[in-house]
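K.L.:
predicted model and sequence follow; I will ask about them next.
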Amino acid sequence: MSKRSFSFPVADVRARALGEIHSRPYTLLPLPRVIFQVAFLTEANFAGDQAILAELSLGQGVPAPAADTSHHTMTWGSGTLRWERHTEFSTYFWDTPAPATFGAEIPVNPFGARFAAPGPFISGVRIEIRPASEDVSDVIAAFDLTSLCQSMVADGQATIVTDFRQDGDGLTKFLVLDHGMTEAARGMLAQRILDIETYRTLAMMGLPLAQELSPEIRAIEARFTAITQRMKQHARGEADTMLAEITALAAELEANAALSLYRFGASRAYNNIVLDRVSMLGEKAVPGSETLGGFLQRRLAPAMRTCQSVEERQANMSRKLTRATALLRSWIDVDLQKFNTEILASMDKRAHLQLRLQQTVEGLSVAAISYYVIGLVGYLAKFAHNLGVHIAPETLTGAAVPFVVLGIWLTVRHIRNKHSD
């Protein structure tokens, strides 16, 4: 087969689309290993985030990534430092050999005093993967028993222990006991745990906004109820005033809805990712302990339902305001039509009066013009009599009166008809 058999024109986004499939490879993790991941909100400071990443890269002798890249990996110490940009946040991942004891401090790490946060800190995770042969009873006892979660995952090849509490550095600690996983399987499991903790924090960002908007929506609902009660009693008399009030309510509601649209949509998307990652763990409960999925469902689901409730209340309130606005506008339109009808009737009456006045004026005009024309005829009659016409001027003048009046009347009528056409 010729080498050029498949030399087709390439779509502009093909390389990016194919590269995205392989852009997040799992890190191969030997035992024992500790993983750190910190996430920052960087949507408003992508340039600063890129500058920090470039400084870290150059410090390790690695070329700085291109400005449009969304993934970057470099060797740091005995492990890998991996940076990834998401829609509104960035994550920094680093793994290294685990210390002798669980939770012990690692003095040399990428996130020391020289590391400048590229944005507000949103989540931090510390995962320690250790052989199941180690005695970790004291470690498990140190977790908060009120929120302790333990479950078997990866077809029984690992046990996850956590209490979802944050330590003094703001990190959520996870202990993974390895019952015989491969390095690739450890990497996959660690990535799923990181996604669960990071995305569940991001999903919860919608809750404070929902709690903030709920009283405002309640106030709008109360004001709307008062307006609708007034509509029952004074609809026609106060329609304009009530329409202005409802329009103000609608503007306030839509402003809140626009403010929360992205946040609630993002919370739903993040929550779905959390549920997906939890299902991929394939958890089996350890007797006497709660699973990670059960804990998150019990804590995360009410928050998501709160966000959904606020969103639905906004949508329902918007529909009610639209219906009330349409009703008030219909009443205003009816009153306006009635007013226009009265104006048209008044105009018609004035037109009739104007017509009658015009007819009266026409009659007077015919009489006045005829009077002056007959006066001219009288002068002509006297002039003819002086020239020898043997007819008395009065006789000629009197005989001309009906003809003059008729001629003037026909002329005025012709002019009026011409103007009407």
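P.N.:
Structure received. Numbers count the residues shown, from 1 in each chain.
K.L.:
top helix in the chain by residue count?
P.N.:
The residue-count maximum for a helix in the chain (DSSP state H) belongs to helix 292-386.
K.L.:
hang on, I127 is in a strand, isn't it?
P.N.:
Yes - secondary structure of I127 (DSSP: H, G, I helix; E, B strand; the rest coil): part of a strand.
K.L.:
isn't it right up against A190?
P.N.:
Yes - because the distance of 5.4 Å satisfies C-beta atoms under 8 Å, I127 is recorded as touching A190. All C-beta atoms are positioned from the backbone trio N, CA, C, and that covers glycine.
K.L.:
which neighbours do the two have in common?
P.N.:
35, 176 (C-beta atoms under 8 Å, 6 or more residues apart in numbering).
K.L.:
these two - which one has more neighbours?
P.N.:
Remark: of I127 and A190, I127 carries more neighbours, 27 against 23, as counted by other C-beta atoms under 10 Å.
K.L.:
can you give me the strands in this structure?
P.N.:
With DSSP state E as the criterion, the chain has strands at 33-41, 71-76, 79-85, 89-97, 121-131, 149-153, 158-166, 172-178, 284-285.
K.L.:
got these as TSV, with mean pLDDT and distance to Q358 columns?
P.N.:
Compiled in TSV, the strands of the chain are given as follows (pLDDT from 0 to 100; distance: least, C-beta to C-beta, whole Å):
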stretch	mean pLDDT	distance to Q358
strand 33-41	96	80
strand 71-76	90	89
strand 79-85	91	83
strand 89-97	94	82
strand 121-131	95	84
strand 149-153	94	97
strand 158-166	94	93
strand 172-178	95	94
strand 284-285	90	100
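K.L.:
which stretch among the ones you listed comes nearest V10?
P.N.:
The stretch from the strands of the chain with the least distance to V10 (C-beta to C-beta) is strand 71-76; that distance is 21.4 Å.
K.L.:
any idea how far the residue lying closest to E183 once chain neighbours are set aside is from S57?
P.N.:
Computed as C-beta to C-beta, 6 or more residues apart in numbering, the closest residue to E183 that is not its neighbour in sequence is L28, at 4.1 Å. L28 sits 22 Å away from S57 when distances are taken as C-beta to C-beta, to the nearest Å.
K.L.:
so the two - more neighbours on which side?
P.N.:
Neighbours around L28 and S57, counted as other C-beta under 10 Å, are more numerous at S57. The numbers are 18 against 14.
K.L.:
how much space separates the more buried one from H72?
P.N.:
With distances defined as C-beta to C-beta, the gap from S57 to H72 amounts to 7 Å.
K.L.:
which neighbours do those two have in common?
P.N.:
Between them, S57 and H72 share the contacting residues P65, judged by C-beta under 8 Å, 6+ apart.
K.L.:
what's the burial count for V139?
P.N.:
V139 - counted by other C-beta under 10 Å - has 18 other residues nearby.
K.L.:
now do the contacts for it.
P.N.:
Under the contact definition (C-beta under 8 Å, 6+ apart), the residues listed for V139 are 102-103, 161, 175.
K.L.:
contacting residues around A257?
P.N.:
314-315, 318.
K.L.:
right, and the strands of the chain - which one's nearest V62?
P.N.:
Closest among the strands of the chain, using C-beta to C-beta: strand 71-76, at 4.5 Å.
K.L.:
can you pull the buried residues of that closest one?
P.N.:
Judged by neighbour count using 16 or more other C-beta atoms under 10 Å, the buried positions of strand 71-76 are 72-74, 76.
K.L.:
quick revisit: make a PyMOL selection of the buried ones in the contacts of V139.
P.N.:
Selecting the buried subset of the contacts of V139 in PyMOL, with 16+ other C-beta under 10 Å as the burial test, is done by:
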select buried, resi 102+161+175
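K.L.:
mind picking the two most distant members of the contacts of V139?
P.N.:
Taking C-beta to C-beta as the measure, the contacts of V139 span a maximum distance of 12.1 Å, between G103 and V161.
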